[in-house]
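J.: I'll drop the sequence and a predicted model, then ask my questions.
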Amino acid sequence: MEYLKLLKEFKTLIPKSGNRTLRVAILGSCSTQHITRLLHVLADKRKLTLELYEAPFDSLVAEALDDKSDLYQFRPEYVVVLNQFEAIKSQLLAQENTHFVKDWLGKQEQLLAKLIHQTNAVVIQTNFIAPPERVFGNYENRIDNSMGMAFRDLNHGLLEISKSLNNVHLLDLDFLASEIGRRSWRDEKLWLTGKLPCSFEYLPAYANAILDIISASLGKVIKCVIVDLDNTLWGGVIGDDGLSGIRLSEDGDGNAFIQLQEFLSALKNRGILLAVCSKNELANAQLPFEEHPHMKLKKDDFAVFIANWEDKASNIQAIQKTLNIGLDSMVFLDDNPFERNLVKGLLPEVQVPELPEDPALYLRAISELNLFEITSFSETDLNRSELYRIEAQRNDLKAQFENLDDYLDSLQMTADIERFNDFNLARIVQLMLRSNQFNLKTNRYSESDCISFMNDMDCAPFTISLCDRYGSHGLICVSVVKIQNSDAIIDEFLMSCRVLKRGVEELALNHIFDFARSKNIKRVIGLYEPTDKNSMVKDFYQKYGFHLLDTQDNATERWVLEVSHFQALPNHITTVKPS
Amino acid sequence: MNVTEINKKLLNIFKDILDYPDDALGDHMTPAHIAEWDSINHITLIMEIQSEFGIVFTTLEIKAIKSVGDLQDAILKHLSISR
């Protein structure tokens, strides 16, 4: 049993030294001890070390309402709330269901709101799993006061809570249990004897579902899917079988490939980049995209299209370079075990799902891994593929110009500098999570942090959105400047790598020094904290004339520049007032 | 399977799940005698015994098991073996 295997690992677990440490509190109307042991082991596999606080059984009310509770003393960064239907069933049946549901949801929302206010933590709470018994059979859902309806209303209400409260994420446990099969998931005896939430077999899946959301909230998300072509996007080998010989059809296994293409197309519409990496002659590889009537994906759907005879690891590195995203944000789909193992061996950060031999099971195999978890979503995501394609056009133009200034001028760039506000909040939080390279402090502030900056008039939290003659880049730069001890501190400064060296850096610094001057501040201090990924900005402040003041806690460098020594930096961007 | 074999298997499960250090179990032993035998590990122990012996206890039995002797009795009963 996987549970016992993991339990043994737990007993001898020594967390990896490079792990990121997170303070996680776990509360539940079920026993949590079995899950927490697994969380420690499974988190370590994701390079996370958890400091866990386990609240007593069913103690959300007591912990949330008492300002001095152990939960609050623990100062959690994450609070995980496991809701178990069995725990509320008797109360539910004892009174008018509709009242109970309303009261329960109202109370839950209040408790979570208080908890977030008190801790600023990210909350992950589960929904309920449908109970098996139905007094009315299939008629259950037509009866307002039935338990089946109460279950539905509760789950709908839990979803609404996650929409109305910032920083509450719903773990759709009912989906997970349904996928696995609720009769296998449920273990009545374990509930009755130990208040366990599910059978032993699925405790690891439960723990992983929690970690999926935590990882995504830390910015570990998939941004690109790289696909092979022959026997992955269609059946057969285009070079051998020809256009009419490959399998892509209404029925049979040809339809499995169409279904995979439809899924990839939906991912692309969500903002995930697609890339082709195939061992083929380019003309052969492109032929189905141009001429096969059943192809769902077109050439334009792919940000990068590589078909050659090089090894796939090198090609994936080339894709990585072109798109400028981390290898750990890429998934590689290939039917061929040789290619999968090659990529796994040479590029261990890339996610490489084991595809089964029968393409009918491709979608199942990919879905089981829950690769595409996110904790926020904004308009920019939808346009991402478009942005990358426009970027390719810009690069074409770049080649024609002799010097960079001419080129930048020709782009006719305009920028909006805005204070944080309700409309750009979602994108800000997302950028804070996702930016790794041009990110000087990598604070990973949450939505509620951003709201408090927004409301603090001694703080200048601002964003820059950029447009040029080819279109909009959207919101691409975020900075938070705070006043501390009559210095202006650049506490957060990050930018999307798509717009490096266009003058946005200069524009942002000009804005920061304008702010400092307006507050009669004498010096500006920029913070830089090195990470695995942000070495590109290690000399950033030096480049603009800042001097290293000191290094705090062996980690954060403080760079200083007197306001009187700063001269506005020239750039090629016109600022416009936000509309 | 005879009683000796059952006891040997049971001992191994105790070593595995509860890090039990000695080479023999006494019928009289209860959670009070074995440090790791807490309520959480008790459930794990029961699950492992069920899976190793290929038997399924009832909820009543799980609740009633309070000592090594109780465990042996329950296993013997399910395997229809008398002491």
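T.: That came through fine. Numbering: from 1, shown residues only, chains lettered A, B, ... in the order given.
J.: Where does the residue nearest the centre of chain B fall, secondary structure wise?
T.: With distances taken as CA atoms, centre = their mean, B:L71 lies nearest the centre of chain B, 4.3 Å away. In the assignment (DSSP states H and E), B:L71 maps to helix B:68-78.
J.: For that helix, buried residues please.
T.: B:V68, B:L71, B:Q72, B:D73, B:A74, B:I75, B:H78 (16 or more other CB atoms under 10 Å in any protein chain shown). Any C-beta I mention is one placed from the backbone N, CA and C, and that applies to glycine too.
J.: Name the residues that touch it?
T.: Helix B:68-78 is contacted from outside by B:3, B:6-7, B:10, B:25-30, B:49, B:53, B:55-57, B:61, B:64-65, B:82-83, using CB atoms under 8 Å, 6 or more residues apart in numbering or on different chains.
J.: Also stretch A:2-19?
T.: Contacts of stretch A:2-19 (CB under 8 Å, 6+ apart): A:34, A:37-38, A:40-42, A:44, A:47-49, A:200-201, A:203-204, B:16-17, B:19, B:44, B:48.
J.: now these: which count as buried?
T.: Burial by neighbour count, 16+ other CB under 10 Å: within the contacts of stretch A:2-19 this picks out A:34, A:37-38, A:40-42, A:44, A:48-49, A:200, A:203-204, B:16-17, B:44, B:48.
J.: Take the contacts of stretch A:2-19 and keep only those in strands.
T.: A:L48, A:T49 (DSSP state E).
J.: Next, give phi and psi for residue 19.
T.: In the absence of a named chain, this looks at chain A. The phi/psi pair for A:N19 (degrees, to the nearest 10) reads phi -60, psi 150.
J.: where does chain A come near chain B, residue by residue?
T.: Selection of chain A residues close to chain B by CB under 8 Å from any CB of the partner chain yields A:1, A:4, A:7-8, A:11, A:31, A:33-34, A:188-190, A:192-194, A:196, A:200.
J.: Mind picking the two most distant members of those?
T.: A:K11 and A:E188 (28.5 Å; CB to CB).
J.: List the residues that contact the closest residue to chain B within the stretch 201-350 of chain A.
T.: Taking CB to the nearest CB, chain B has its nearest neighbour within the stretch 201-350 of chain A at A:E201, 9.6 Å off. A:E201 makes contact with A:M1, A:E2, A:Y3, A:S184, according to CB under 8 Å, 6+ apart.
J.: Let's see that with 10 Å instead.
T.: A:E201 is in contact with A:M1, A:E2, A:Y3, A:I180, A:S184, A:W185, A:D187, B:M47, counting by CB atoms under 10 Å, 6 or more residues apart in numbering or on different chains.
J.: Tell me the most packed of those, by neighbour count.
T.: Within these, most neighbours by other CB atoms under 10 Å in any protein chain shown means B:M47, with 24 neighbours.
J.: Not counting sequence-adjacent ones, nearest residue to that residue?
T.: Spatial nearest neighbour of B:M47, chain neighbours left out: A:F200 (5.3 Å); criterion: CB to CB, 6 or more residues apart in numbering or on different chains.
J.: what mean pLDDT would you report for the helix holding B:L71?
T.: If you average the pLDDT over helix B:68-78, you get 94.
J.: same thing with stretch A:218-237?
T.: 95.
J.: which residue does the stretch 451-579 of chain A bring closest to chain B?
T.: Minimum separation of the stretch 451-579 of chain A from chain B (CB to the nearest CB) falls at A:D532, amounting to 36.7 Å.
J.: Please export the alpha-carbon coordinates of the longest helix seen in chain A; CSV is fine.
T.: Criterion DSSP state H: the longest helix present in chain A is helix A:97-119. Extracted in CSV, the C-alpha atoms of helix A:97-119 (Å, rounded to 0.1, in the frame of the first residue of the first chain):
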residue,chain,number,x,y,z
ASN,A,97,-32.2,21.8,6.2
THR,A,98,-32.6,25.2,4.5
HIS,A,99,-32.0,27.0,7.7
PHE,A,100,-29.1,24.8,8.7
VAL,A,101,-27.4,25.3,5.3
LYS,A,102,-27.8,29.1,5.5
ASP,A,103,-26.5,29.2,9.1
TRP,A,104,-23.6,26.9,8.5
LEU,A,105,-22.4,28.8,5.4
GLY,A,106,-22.8,32.1,7.1
LYS,A,107,-20.8,31.0,10.1
GLN,A,108,-18.1,29.4,7.9
GLU,A,109,-17.7,32.6,5.9
GLN,A,110,-17.5,34.7,9.1
LEU,A,111,-14.9,32.3,10.7
LEU,A,112,-12.7,32.3,7.6
ALA,A,113,-13.0,36.1,7.2
LYS,A,114,-11.8,36.5,10.8
LEU,A,115,-9.0,34.0,10.3
ILE,A,116,-7.7,35.8,7.2
HIS,A,117,-8.0,39.2,8.8
GLN,A,118,-6.0,37.9,11.8
THR,A,119,-3.3,35.9,9.9
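J.: How far away from the center of its chain is that helix?
T.: Relative to its chain's centre, helix A:97-119 lies at 26 Å (CA atoms, centre = their mean, to the nearest Å).
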